[in-house]
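> what shape does this take:
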Amino acid sequence: MSLKQTITAFETMDSAYVTGGTIKDLFASYPDVAVTVQTVAGEEGSTDFVKIIVPGKQGRSTGGTAPTLGIIGRLGGIGARPSRIGLVSDADGAVAAVAAALKLAEMQQNGDVLVGDVIISTHICPDAPTQPHEPVDFMGSPVDILTMNQHEVLEEMDAILSIDTTKGNRIINHKGIAISPTVKEGYILRISEDLLRLMEMTTGQLPVTFPISLQDITPYGNDLFHINSILQPSVATDAPVVGVAITAQTAVPGCGTGASHETDIALAVKFAVEVAKEYTGGITTFFDQDEFAQIISRYGSMKVFQTMGNTAVKS
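Numbering: from 1, shown residues only. Just a heads-up that it's a prediction; the model follows:
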C-alpha cells in the first residue's frame, strides 16, 4: 500500500511555501536515506532540485554491484502561482517520486531492504510559469530542459522510470497509469514484458500502454511536437528509459488545479516500488540486451535522435 505516502507527499507540496528543504525534512527520521537539495535559478525564477538515495544491501553506494534504478519525477512545476492557486496537475510526477522514496525508506526501516540502490530525483517549484500547448496549456519551468536533465538524470542510474502527468492529449483515453515502450540511445524498443507483468499485478487490470513517436524522444527546443517531457530523460543517458504516465480520460491542462487524483498517483508509486524491487534484484529487465545488440549491428547508432540534429533546417 502506498496511499499514505502519496497523501503525505501531496499535502506537503500543496503549499505556496514548500521548498526542497521541506521535502528533505520528510526524511529526517530515516538516517540511512541521503537527501540533497540544490537551488537553481533560471530566466523565469528558481527551483529546488531534490535527490534522494535509498541504499540497497548490495548497492553501489555501499560498495556492491547490484544495479541501480532511477525514478524521476518529471514536471515543469508543482504550482503556477500567482495565476493559479493550489497544486497543479503537473505536480503528479513530483508527488509520485517523493511518495515512492518515502515508501522505500519506510520499507528499509522495517527491515525490507532492496538489493540495489534506488535514486529518486525531481524538483520543487510552487510558482512556475505556464505555456501554450495544444490541445491544452502546459506548465512551463523556471529552468530549461537541459538543466533539468543535468540535475535529474544521473550517471549512476542503470535504468530509469520517468513519471509524469500525461493528461494534456487525446492519445491516452484512460484514467490511471500507462507505460511507454522502452527508449534507449535513440531507439524506441518493444515494451518490456516484465513491466507489463508488474503493471498487471499492481493495478489488478490489463496493462495500459501509450504510443510514442520519434519526435517525442528528441530534445525539447527543436521545434518538433512532443507529447510532453516524459521521455526527455532519454536524450541525456544511454540507460533504458520508460515513461510512467499518470493519465485521464479527458484532456486536462498541466496548469489545472483540482485535477490530481491521489489513487492514480498511488498506483504509479506502487508500480515504481515493485519495479525497484525486481530490477535491483536482477529479476526484471527493461529491454532484451541480445536483441538490442543485433539492432545496433544491423542498423547502427540512432544517437542522433538524442541531439538537436541538423540545425541548418530550411524553412
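> give me the contacts around stretch 97-112.
2, 5-6, 8-10, 12-13, 23, 26-27, 29-30, 32-33, 50, 52, 54, 71-73, 113-114, 118, 120-122, 163, 265-266, 269, 272-273, 276 (CB atoms under 8 Å, 6 or more residues apart in numbering). Where C-beta positions appear, they are placed from N, C-alpha and C, glycine not excepted.
> among those residues, which are in strands?
Assignment to strands by DSSP state E places the following of these there: 50, 52, 54, 71-73, 118, 120-122, 163.
> tabulate the residues you listed (JSON lines), appending pLDDT, neighbour count and distance to Gly140.
JSON lines is the format used below for the ones in strands among the contacts of stretch 97-112 (pLDDT from 0 to 100; neighbours: other CB atoms under 10 Å; distance: CB to CB, whole Å):
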{"residue": "Val50", "pLDDT": "98", "neighbour count": "28", "distance to Gly140": "19"}
{"residue": "Ile52", "pLDDT": "98", "neighbour count": "27", "distance to Gly140": "25"}
{"residue": "Val54", "pLDDT": "98", "neighbour count": "31", "distance to Gly140": "30"}
{"residue": "Ile71", "pLDDT": "98", "neighbour count": "30", "distance to Gly140": "23"}
{"residue": "Ile72", "pLDDT": "98", "neighbour count": "30", "distance to Gly140": "18"}
{"residue": "Gly73", "pLDDT": "98", "neighbour count": "31", "distance to Gly140": "17"}
{"residue": "Val118", "pLDDT": "98", "neighbour count": "30", "distance to Gly140": "29"}
{"residue": "Ile120", "pLDDT": "98", "neighbour count": "30", "distance to Gly140": "23"}
{"residue": "Ser121", "pLDDT": "98", "neighbour count": "25", "distance to Gly140": "20"}
{"residue": "Thr122", "pLDDT": "98", "neighbour count": "30", "distance to Gly140": "16"}
{"residue": "Ile163", "pLDDT": "98", "neighbour count": "32", "distance to Gly140": "19"}
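> could I get the full set of strands for the stretch 201-315 of the chain?
241-247 (DSSP state E, counting those that start in this stretch).
> so where is it shaky, pLDDT-wise?
312-315 (pLDDT under 70).
> please, where are all the helices along it?
262-280, 289-299 (DSSP state H, counting those that start in this stretch).
> redo those as TSV? Include distance to Val18.
Below are the helices of the stretch 201-315 of the chain laid out as TSV (distance: least, CB to CB, whole Å):
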stretch	distance to Val18
helix 262-280	16
helix 289-299	40
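> so which of those gets nearest Phe138?
Closest approach to Phe138 among the helices of the stretch 201-315 of the chain is made by helix 262-280 (18.9 Å; CB to CB).
> that closest one: which residues count as buried?
Buried positions in helix 262-280, judged by neighbour count with 16 or more other CB atoms under 10 Å: 262, 264-280.
> which helices and strands does that helix pack with?
helix 3-13, strand 69-73, helix 92-109, strand 159-165, strand 176-179, helix 193-203, strand 241-247 (3 or more CB pairs under 8 Å, 6 or more residues apart in numbering; DSSP states H and E).
> out of the ones you listed, which comes closest to Met148?
Of all the helices and strands packed on helix 262-280, strand 69-73 comes closest under CB to CB, at 9.0 Å.
> strand partners of that closest one, parallel vs antiparallel please.
strand 118-124 (parallel), strand 159-165 (parallel) (DSSP bridges).
> show me the contact partners of the next helix-or-strand element following the first one.
Remark: after strand 118-124, the chain's next helix or strand is strand 130-131, criterion DSSP states H and E. Residues lying outside strand 130-131 but in contact with it, judged by CB under 8 Å, 6+ apart, are 76, 80, 83-84, 137-140, 254-255.
> so for those, which is the shakiest by pLDDT?
Lowest pLDDT of the contacts of strand 130-131: Asp137, 67.
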